[in-house]
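J.: dropping a prediction and its sequence here:
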Amino acid sequence: MANGKMSKPNRKTAPAAAVAPATLALVTDAGVPQVAKGNEKGASLKKKELIDRVMAVTGGKKQEVKAVVEATLSVLGAALQSGEGLNLPPFGKARIAKSKGEGVSSAMTVKLRGAGATRAPQERKQALADPDEDS
């Protein structure tokens, strides 16, 4: 924005709708969850939906999954607050790019490098001459 003012995000939320099974995580043969992409621009994953997806993948009970997810998020948040980077395959690598303030009023910019698809192995370059030949 040219004038330096930031607009506030829209805080109105739509009524909670039941999550359709098609939007839950799908598990591949390798056991890696894949999620259907959100249709809305800027769609974000909320904690409740994360818990539902983890329940669908693991088959665990909601109370147990919720406790594990909340503990995991707490540990990740504490690690970032203390300045640690994260290296969590297949999620990716995260590091703090900028930090401002401390405690409750702190704000940080986190850069995330996703793991992405694994690269196919490349063929080795062949030598111009045989190793036994003299040049």
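T.: Great, that's in hand.
J.: for the chain, just list every one of the strands.
T.: 26-27, 33-34, 86-88, 92-100, 107-114 (DSSP state E).
J.: among these, which gets the worst mean confidence?
T.: Lowest mean pLDDT within the strands of the chain: strand 26-27, a mean of 52.
J.: reformat the strands of the chain as CSV; add mean neighbour count and distance to Ala56.
T.: For the C-beta atoms, the positions are set from N, CA and C on the backbone; glycine is no exception. Listed next are the strands of the chain as CSV, based on neighbours: other CB atoms under 10 Å; distance: least, CB to CB, whole Å:
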stretch, mean neighbour count, distance to Ala56
strand 26-27, 14, 9
strand 33-34, 12, 9
strand 86-88, 12, 21
strand 92-100, 13, 22
strand 107-114, 11, 22
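J.: quick one: which of the ones you listed is nearest Val65?
T.: With CB to CB as the measure, strand 33-34 is the member of these nearest Val65 (13.3 Å).
J.: what is the lengthiest helix in the chain packed up against?
T.: Assignment by DSSP state H gives helix 62-81 as the longest helix of the chain. If you count contacts as 3 or more CB pairs under 8 Å, 6 or more residues apart in numbering; DSSP states H and E, helix 62-81 packs onto helix 47-58, strand 86-88, strand 107-114.
J.: now Asn87: how far from Val57?
T.: 22 Å (CB to CB, to the nearest Å).
J.: as JSON lines, the helices and strands packed on helix 62-81 with distance to Gln126 would be great.
T.: Formatted as JSON lines, the helices and strands packed on helix 62-81 follow (distance: least, CB to CB, whole Å):
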{"stretch": "helix 47-58", "distance to Gln126": "45"}
{"stretch": "strand 86-88", "distance to Gln126": "35"}
{"stretch": "strand 107-114", "distance to Gln126": "33"}
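J.: understood, closing this out.
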